[in-house]
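# only geometry, no sequence info:
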Ligand SMILES: C[C@@]1(CC(=O)O)C2=NC(=C\c3[nH]c(c(CCC(=O)O)c3CC(=O)O)Cc3[nH]c(c(CC(=O)O)c3CCC(=O)O)/C=C3\N/C(=C\2)[C@@H](CCC(=O)O)[C@]3(C)CC(=O)O)/[C@H]1CCC(=O)O
Ligand SMILES: NC(=O)c1ccc[n+]([C@@H]2O[C@H](COP(=O)([O-])OP(=O)(O)OC[C@H]3O[C@@H](n4cnc5c(N)ncnc54)[C@H](O)[C@@H]3O)[C@@H](O)[C@H]2O)c1
């Protein structure tokens, strides 16, 4: 089942510092969680992230699962090239009710990683083959990215940003969900707002949406 995990403010440990660790760190960076990398070596890109204070680093040769009791993470991702160690970590994490993922063990992991098409961290499209062919997931991601980039316009992304703002206000202002839906749809199809978005006048478009909300009966 594809779900979206909320990791905001949570501690996530990544064990290992190679290419696979980097892939996992890059997707975690969008989640506003606290990332701690534990490894005996790290590649240059991870080094840069540490230098820029995006992630924390503990140089350590991991031999047992004591790091789980020490750091008490919400999630652990193990990416070492030592299959036995990865397995030990993932098993102990499960017994401690920590969400666990191992790059070399999809069967034991609590979640998997689809190929993702991302638009400004506002829209994500996932392609998943259920472990049948990650390489095909990547190929289809690259092909569909081209199509979706044509399909989803800059104006629609701006509309989404406005919807996000006025939707929150509407939750307090309009009691009935059905009415809120009508209001949000009216903003989406409002010609004046569409025109302002087209002209790049986003603040004016937002104010117009706010004004319609103020007068909504
Ligand atoms: C989609 C993507 C997302 C991401 O990684 O974030 C992703 N793998 C990608 C690429 C890729 N991975 C591998 C190759 C080489 C070809 C090959 O071996 O097949 C390529 C292609 C390349 O690199 O070009 C090797 C590989 N992958 C896995 C194993 C272990 C195993 O199968 O046991 C091994 C063998 C390791 C070894 O041999 O040591 C397992 C998984 N890989 C998954 C995701 C999950 C299933 C997703 C699905 O089914 O759709 C799953 C189950 C992991 C999980 O649980 O999350 C990302 C593309 C991102 C993009 O560019 O968009
Ligand atoms: N899921 C996927 O899509 C996918 C893709 C490629 C590879 N993999 C798997 O991911 C694993 C890692 O791949 P990689 O390319 O990052 O490998 P790598 O060899 O580049 O990196 C392994 C890292 O783990 C660290 N490490 C190893 N033993 C350690 C220990 N005891 N304590 C601390 N750190 C330790 C190493 O220092 C290194 O930084 C492999 O097992 C591979 O099979 C999965």
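That came in fine, so what should we check first? All values reported here derive from a predicted model rather than from experimental measurement. Numbers count the residues shown, from 1 in each chain. Ligands and ions are numbered 1, 2, ... in the order given.
# quick one, strands of this structure?
Counting by DSSP state E, the segments of the chain that form strands are 11-15, 34-39, 56-59, 75-78, 99-102, 115-119, 123-127.
# Strand partners (parallel or antiparallel) of the third one?
So the one you mean is strand 56-59. According to DSSP bridges, strand 56-59 forms sheet pairs with strand 34-39 (parallel).
# Ok, the first one next?
For strand 11-15, the paired strands and their directions (DSSP bridges) read strand 34-39 (parallel), strand 75-78 (parallel).
# how's the protein carved up into domains?
11-113, 154-214 (automatic domain parsing).
# Can you tell me which of those domains is nearest to ligand 1?
Of all the domains of the chain, it is domain 11-113 that lies closest to ligand 1, at 3.3 Å by CB to the nearest ligand atom. Just so you know, the C-beta spots here come from the backbone N, C-alpha and C atoms, and that holds for glycine as well.
# centre of the chain versus that closest one, how much separation?
Chain-centre distance of domain 11-113: 16 Å, with CA atoms, centre = their mean, to the nearest Å.
# Identify whichever of the strands paired with strand 11-15 lies nearest to ligand 2.
strand 34-39 (4.0 Å).
# Report how many residues lie close to the residue in the chain that ligand 2 sits nearest to.
The nearest approach of the chain to ligand 2 comes at residue 18, 2.3 Å away (CB to the nearest ligand atom). Counted with other CB atoms under 10 Å, the neighbours of residue 18 add up to 16.
# So it sits against residue 81, correct?
Yes: shown here, residue 18 and residue 81 form a contact pair, counting by CB atoms under 8 Å, at 7.2 Å.
# quick revisit: who touches the residue of the chain closest to ligand 2 in this structure?
Residue 18 sits next to 41, 43, 79, 81 when contact means CB atoms under 8 Å, 6 or more residues apart in numbering.
# Got phi/psi on the closest residue to the first one other than its chain neighbours?
Meaning residue 41. Excluding the flanking residues, the one nearest residue 41 by CB to CB, 6 or more residues apart in numbering is residue 17, at 5.5 Å. Residue 17 adopts backbone torsions of phi -140, psi 30, taken as degrees, to the nearest 10.
# ok, now which ones touch residue 17?
The contact partners of residue 17, taken as CB under 8 Å, 6+ apart, are 37, 39, 40, 41, 42, 43, 46.
# Kindly present the residues you listed as JSON lines, with separate columns for neighbour count, distance to ligand 2 and pLDDT.
Shown next, in JSON lines, are these (neighbours: other CB atoms under 10 Å; distance: CB to the nearest ligand atom, whole Å; pLDDT from 0 to 100):
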{"residue": "37", "neighbour count": "26", "distance to ligand 2": "9", "pLDDT": "98"}
{"residue": "39", "neighbour count": "21", "distance to ligand 2": "4", "pLDDT": "98"}
{"residue": "40", "neighbour count": "11", "distance to ligand 2": "4", "pLDDT": "97"}
{"residue": "41", "neighbour count": "10", "distance to ligand 2": "4", "pLDDT": "98"}
{"residue": "42", "neighbour count": "21", "distance to ligand 2": "6", "pLDDT": "98"}
{"residue": "43", "neighbour count": "13", "distance to ligand 2": "7", "pLDDT": "98"}
{"residue": "46", "neighbour count": "24", "distance to ligand 2": "8", "pLDDT": "98"}
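# All set, thanks.
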